[in-house]
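1. Give me the fold of what follows.
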Amino acid sequence: MSNITKISTITCPECGNQSEEEMPTDSCQFFWECPNCEEVLKPQNGDCCVFCSYGDTPCPPIQANKSCC
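-> Okay, here's the model as predicted:
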């Protein structure tokens with residue numbers, strides 16, 4: 001997993017706040033609370049985690065072409 005990007009910028013769909021977050025490499029993150037408006041985000045249908053739905057970089061398992069979680 002040497003070419004895997006571990007940092008993603010999540011954009012909150014409610015307030016537009018952007019936050020740089022480190023993604024876990026061994027699990028999916030299903031919930032994320034926006035530090036600005038406190039909205040709790042969940043993955044959209046068909047996505048495995050909040051990074052794949054709202055981040056600028058897909059989660060590490062998807063980057064590695066592995067099935068996620």
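2. and the closest residue to E33 other than its chain neighbours, how many residues sit next to it?
-> Excluding the flanking residues, the one nearest E33 by C-beta to C-beta, 6 or more residues apart in numbering is V40, at 5.1 Å. In short, each C-beta sits where N, CA and C put it, glycine included. V40 has 10 neighbouring residues, counting by other C-beta atoms under 10 Å.
3. Does V40 touch F30 like I think?
-> No - look at V40 against F30 with C-beta atoms under 8 Å: they stay out of range, at 10.1 Å.
4. Could you pull out the residues contacting both of those two?
-> Counting by C-beta atoms under 8 Å, 6 or more residues apart in numbering, no residue touches both V40 and F30.
5. can you tell me the helix or strand for the residue positioned nearest the centre of the chain?
-> When the chain is reduced to its mean C-alpha position, the closest residue under C-alpha atoms, centre = their mean turns out to be F51, at 1.3 Å. Applying DSSP states H and E as the criterion places F51 in helix 50-54.
6. Summarise which helices and strands that helix is packed against.
-> Packing contacts for helix 50-54, counted by 3 or more C-beta pairs under 8 Å, 6 or more residues apart in numbering; DSSP states H and E, involve strand 7-11, strand 40-41.
7. Give me the mean pLDDT for that helix.
-> What helix 50-54 shows for mean pLDDT is 96.
8. From the contact count, pick out the helices and strands touching the following helix or strand past it.
-> Downstream of helix 50-54, the next assigned helix or strand under DSSP H and E is helix 60-63. Other helices and strands packing on helix 60-63, by 3+ C-beta pairs under 8 Å, 6+ apart, are absent; none qualifies.
9. what sits against the residue nearest to the centre of the chain?
-> Neighbours of F51 in contact, by C-beta under 8 Å, 6+ apart: S8, I10, E21, M23, Q29, T57, P58, C59.
10. For the helix holding F51, C-alpha coordinates in CSV please.
-> The C-alpha trace of helix 50-54 is given here as CSV (Å, rounded to 0.1, in the frame of the first residue of the first chain):
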residue,chain,number,x,y,z
VAL,A,50,-17.8,8.9,4.1
PHE,A,51,-14.5,9.4,2.3
CYS,A,52,-15.8,7.8,-0.9
SER,A,53,-19.0,9.9,-0.6
TYR,A,54,-17.7,13.3,0.5
